[in-house]
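1. quick one: sequence and predicted model below, then my questions.
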Amino acid sequence: MKIQVNKGGKKGRGLAPYIILSPYLLHLLLFVLFPIVFSVVLAFHKWNIISPMEYVGLDNIQRLFQDRLFWKSVLNTLKFLIVHIPLQIVIALALAYFLNEKILMRGFFRATFFLPVVISGVVVTMVWQQLYGLETGLLNRALIALHLPRVEWLSNPYMAMISIAVMATWKNVGLYVILFLTGLQTVPRSYYEAAEVEGASAWQQFRYITLPAINPTLFMVAVLSTIGGFSLFIEPYIMTDGGPLNSTLSAMLYIYKQAFGYYQMGYSATLGLFFALLIMSVVAVQKLVIEKES
Amino acid sequence: MLPPTITKNYIVGLIAIAGLLWACTGGGRKEAHLIEYWSSNNGGEIQFSKWAVERWKQQHPGKPVKYQPVPEGQSSEEIIMAAVVAGTTPDIYSNLWQGLVEFYSRSGVLVALDTLNGFMEYIHERCDSATVAEITSSDGHIYQVPWKINPIMTIYNKQLLRQTGLDEMPAAYSDYLRAARSFRKDTDSDGYVDQWFGNTSVKLAWYQRLFNFYALYLAASGGMPLVKDGRANFNNEHAVEVFRFLQELYRENYFSKQVESAGQDLFIAGRFASKWTGPWEIEYLEKFKRPGFEYDFAPMPVPDGHQGPVFTYCDPKNIVVFNTCKNPQAAFDFIRSMTDPEADLHFLRTTRQLPRRKDLDNWPGFKDFFAGNPQMSAFARQARYVRGADNSEALIEVFDIISQEYEACVLYQTKTPERAVADAERAVNVLLRSKE
């Protein structure tokens, strides 16, 4: 296909750009824009997929504000984020810092830390479920062998979400290590050399050179792990089904149950839209804070 | 976490399945006289269905039936839902959980079978009046043919039970708890119990309650429904007693809270003396048990002083005709053929699942089968006293509510049985009112 590009601009390009873009535009239209518009329509209806839609006005929104279990699920998700995001950022940054140095078998370590990212989330979750097993789990068997008390990793309401956060961190940290590593490699070596000449300590170098230099990466990691954290689903779905006592019921799991457990498409669309607004607000605040810090 | 969103994936999946189903069924074009039949996709049922279709073809060469197992998917329920959405349902489907029939019938996608010629005579010949009442929908019509059941009973390790001085499984709660107390042990002295009297799922998923709470509730109550006349019907002494019994099993560590073990089957390994299960366990045990492993079945335990037969849940899967069927009468004729006594006997032999037929253990052909399969005969005797699922379009949500209270009361003891049952009743009534 011949594409004519004029100096003057748009005229003369014809349909070619649109044809090239059409697969993506079609995907965008079918699987992004249409679902968003359809969700907004659904939010004002009651629909179980197979019966005709019934207009219910603001009933779904009213129900959302009275639904204590939904708010508990939002709170659970926030608890998960509080553990997961700092843990993930600190570990990923530390590992990236370590892997940025000239150490033995650096390539091997880089690949190894990335490996959990490419393993299916379901597989990882099922393996960790066995590790966390109360009576036959490897972690508890090890604790008992060391004459230490065993831990109710997934059956204690206070412990279960922390256990899930640790597992999710293990699964995803490799991706953020790579991102931080990329960020670290963009910092010119001469900055550190100059700082050393001036007598700056290792911490001062990190605080005043590294951290500001990788700020865009830090922002990206914070945003990605926040959005990823808000999407918490597979881990509680497979490991705990939201228990014990709803302590691991994440907002996404709750929305999923409403939609595909009870076929309450209208209400789940309302919850989904509300949750999307919440994520956007949190990311906006994050952006403001990180920009202010830098 | 959810990459990128499960909702998007699910809808894409549903659309893809629906599209595939549409394409596979010839884009919705179907010959008017052709009956399309889907069964479940387990090996035994595929074998039986092929046999039933072949027999039908030989007997009725002018009435073609096209057979296929339900297409592969995450679950058959998901596939059927996708087919309903796409309008590509088969004429006949033979594996619908009874608890979902009301949902589909209220949505108008099922044929009212009682409007077909000969159906009522057929159903009364096949089923007793209690079963007919159980499958009659709230609008007074019948949308399903009771087909197969797997009653839930107690399986126990006979050698381990003898350690408690008993030869047979205790029936009453107090005897059961006494045996459980004497059996529970810390065999390796590490400070933790590692030998339990029983095990049942501690997962929160609604359907897990069918195999513990609901089976025990039916046993205790003599088969009372959970939902009646659009209201919760379970805030009674039976439900409270069941919750109290289960609560004690977990509080005293007589039952294990282990979710599952990938390494070994803890029942075969002798760590649990018993569990609540269905006849599918027989084939599995015969395949994997250790030499000398002895087991037997007993009815579900009941409260002290219980009178009358011991009911249980039977996990019923039924046959339905979808409204996409162009000739429901012909579909019913085929259903009648695939559920006649000869076909039921063949089904029993092929699948080791029980046909839902009255006086199952008294039919001549069946007697020979059960004589040669004594383990199965325990389930056949139990089949006289079974219940399926209530007719409520919100049944899954009802069980979800009960599951929440079960977890709080039974597993974590944060509520009394009375409070848990009352809270469940209140929540179920709110739910059912919202469906009116």
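-> Received, thanks.
2. need the residues of the stretch 1-150 of chain A near chain B, please.
-> Proximity of the stretch 1-150 of chain A to chain B (Cβ under 8 Å from any Cβ of the partner chain) is limited to residues A:31, A:35, A:48-51, A:121, A:126, A:129-130, A:133-136, A:144, A:150. Using the backbone N, CA and C atoms, a C-beta is placed for each residue, glycine as well.
3. and those residues, which two are furthest apart?
-> For those, with distances taken as Cβ to Cβ, the pair at the greatest spread is A:51 and A:144 (53.9 Å).
4. what mean pLDDT does stretch B:238-250 get?
-> The average pLDDT within stretch B:238-250 is 98.
5. one more: stretch B:264-283?
-> pLDDT averaged over stretch B:264-283 gives 91.
6. can I get the CA coordinates of stretch A:159-179 in CSV?
-> Output of stretch A:159-179 as CSV, limited to C-alpha atoms (Å, rounded to 0.1, in the frame of the first residue of the first chain):
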residue,chain,number,x,y,z
MET,A,159,-3.3,-12.7,58.7
ALA,A,160,-5.0,-13.8,55.5
MET,A,161,-4.7,-10.5,53.6
ILE,A,162,-1.1,-10.0,54.7
SER,A,163,-0.3,-13.5,53.4
ILE,A,164,-2.0,-12.7,50.1
ALA,A,165,-0.1,-9.4,49.9
VAL,A,166,3.2,-11.2,50.4
MET,A,167,2.4,-13.7,47.7
ALA,A,168,1.3,-11.0,45.3
THR,A,169,4.6,-9.1,46.0
TRP,A,170,6.6,-12.2,45.2
LYS,A,171,4.7,-12.7,42.0
ASN,A,172,5.0,-9.2,40.7
VAL,A,173,8.2,-7.8,42.1
GLY,A,174,10.3,-9.0,39.1
LEU,A,175,8.5,-6.6,36.7
TYR,A,176,9.2,-3.6,38.9
VAL,A,177,12.8,-4.7,39.4
ILE,A,178,13.2,-4.5,35.6
LEU,A,179,11.5,-1.0,35.5
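7. and the pLDDT at the closest residue to residue A:278 other than its chain neighbours?
-> Excluding its sequence neighbours, the residue lying closest to residue A:278 (Cβ to Cβ, 6 or more residues apart in numbering or on different chains) is residue A:74, at 7.2 Å. Residue A:74 is assigned 95 on the pLDDT scale.
8. wait, residue A:74 touches residue A:282, no?
-> No: using Cβ atoms under 8 Å, residue A:74 is not in contact with residue A:282, being 11.1 Å away.
9. so the residue nearest to residue A:278 versus residue A:28, what's the distance?
-> Distance, residue A:74 to residue A:28, by Cβ to Cβ, to the nearest Å: 29 Å.
10. those two: which has the busier surroundings?
-> A count of neighbours by other Cβ atoms under 10 Å in any protein chain shown puts residue A:74 above the other of residue A:74 and residue A:28, at 19 against 12.
11. in which helix or strand would I find the more buried one?
-> helix A:68-99 (DSSP states H and E).
12. re earlier: in helices, which of the residues of the stretch 1-150 of chain A next to chain B appear?
-> Residues of those located in helices (DSSP state H): A:35, A:121, A:126, A:129-130, A:144.
13. got the contact list for the closest residue to chain A within the stretch 51-200 of chain B?
-> Relative to chain A, the nearest point of the stretch 51-200 of chain B is residue B:107 (4.5 Å; Cβ to the nearest Cβ). Residues counted as contacts of residue B:107 (Cβ atoms under 8 Å, 6 or more residues apart in numbering or on different chains) are A:48, A:50-51, B:84.
14. now do 6 Å
-> Counting by Cβ atoms under 6 Å, 6 or more residues apart in numbering or on different chains, residue B:107 touches A:50-51.
15. so where's the chain uncertain?
-> Went with chain A since none was named. Applying pLDDT under 70 to chain A flags residues A:1-12, A:293-294.
16. let me rephrase: I mean chain B.
-> B:1-32, B:259-263.
17. now do the strands in it.
-> If you assign secondary structure with DSSP state E, the strands in chain B sit at B:35-39, B:65-69, B:92-97, B:145-149, B:153-157, B:196-199, B:227-228, B:231-232, B:272-277, B:295-298, B:312-313, B:317-321, B:354-355, B:386-387.
18. let me see the domain layout of chain B.
-> Per automatic domain parsing, the domain ranges recorded for chain B read B:29-151+B:315-387, B:153-313+B:394-435.
19. closest one to residue A:188 among the ones you listed?
-> domain B:153-313+B:394-435 (50.4 Å).
20. what's the distance between the closest one and the middle of its chain?
-> 15 Å (Cα atoms, centre = their mean, to the nearest Å).
21. how far does that domain stretch from start to finish?
-> End-to-end distance for domain B:153-313+B:394-435: 34 Å, by Cα to Cα, to the nearest Å.
22. number of nearby residues for residue A:148?
-> Neighbour count of residue A:148, defined by other Cβ under 10 Å: 10.
23. for my notes, confirm it occurs in a strand.
-> No: per DSSP: H, G, I helix; E, B strand; the rest coil, residue A:148 lies outside any strand segment and is coil.
24. any idea how far it is from chain B?
-> For residue A:148, the distance to chain B (Cβ to the nearest Cβ, to the nearest Å) stands at 11 Å.
25. now tabulate the domains of chain B in TSV and tack on distance to residue A:156.
-> Shown next, in TSV, are these (distance: least, Cβ to Cβ, whole Å):
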stretch	distance to residue A:156
domain B:29-151+B:315-387	30
domain B:153-313+B:394-435	10
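26. where's the closest residue to residue B:38 other than its chain neighbours relative to residue B:36, distance?
-> Among residues not flanking residue B:38 along the chain, residue B:90 sits closest, at 4.2 Å (Cβ to Cβ, 6+ apart). Between residue B:90 and residue B:36 the computed distance is 4 Å (Cβ to Cβ).
27. same question, residue B:436
-> According to Cβ to Cβ, residue B:436 and residue B:36 sit 35 Å apart.
28. so between these two, which is more surrounded?
-> Comparing residue B:436 with residue B:36 by other Cβ under 10 Å, the one with more neighbours is residue B:36, at 22 against 5.
29. so that one makes contact with residue B:67?
-> No: Residue B:36 sits out of contact with residue B:67 when judged by Cβ atoms under 6 Å, with a separation of 8.0 Å.
30. which ones are touching residue B:52?
-> Residues near residue B:52 by Cβ under 6 Å, 6+ apart: B:338, B:343.
31. ok, 10 Å please
-> Contacts for residue B:52 (Cβ atoms under 10 Å, 6 or more residues apart in numbering or on different chains) come out as B:37, B:39, B:65, B:67, B:94, B:334-335, B:337-340, B:342-343, B:346-347.
32. now do residue B:227
-> Neighbouring residues of residue B:227 by Cβ under 10 Å, 6+ apart: B:102, B:233-234, B:389-392, B:394-395, B:398, B:428-429, B:431-432.
33. measure the residue of chain B most remote from its centre to residue B:105 for me?
-> Most distant from the centre of chain B: residue B:189, at 39.3 Å, with distances by Cα atoms, centre = their mean. Using Cβ to Cβ, residue B:189 is found at 58 Å from residue B:105.
34. just residue B:294 next, same as before
-> Residue B:294 is 45 Å from residue B:105, where distance means Cβ to Cβ.
35. break down chain A into its strands, ranges please.
-> Counting by DSSP E, chain A has strands at residues A:45-46, A:54-55.
36. which of those strands is buried the deepest?
-> Stretch with highest mean neighbour count among the strands of chain A: strand A:45-46 (a mean of 18; mean count of other Cβ atoms under 10 Å in any protein chain shown).
37. who does that one pair up with?
-> Partners of strand A:45-46 in the sheet, by DSSP bridges, are strand A:54-55 (antiparallel).
38. quick revisit: could you report the neighbour count for the residue nearest to residue B:38?
-> So residue B:90, with other Cβ under 10 Å, has 26 neighbours.
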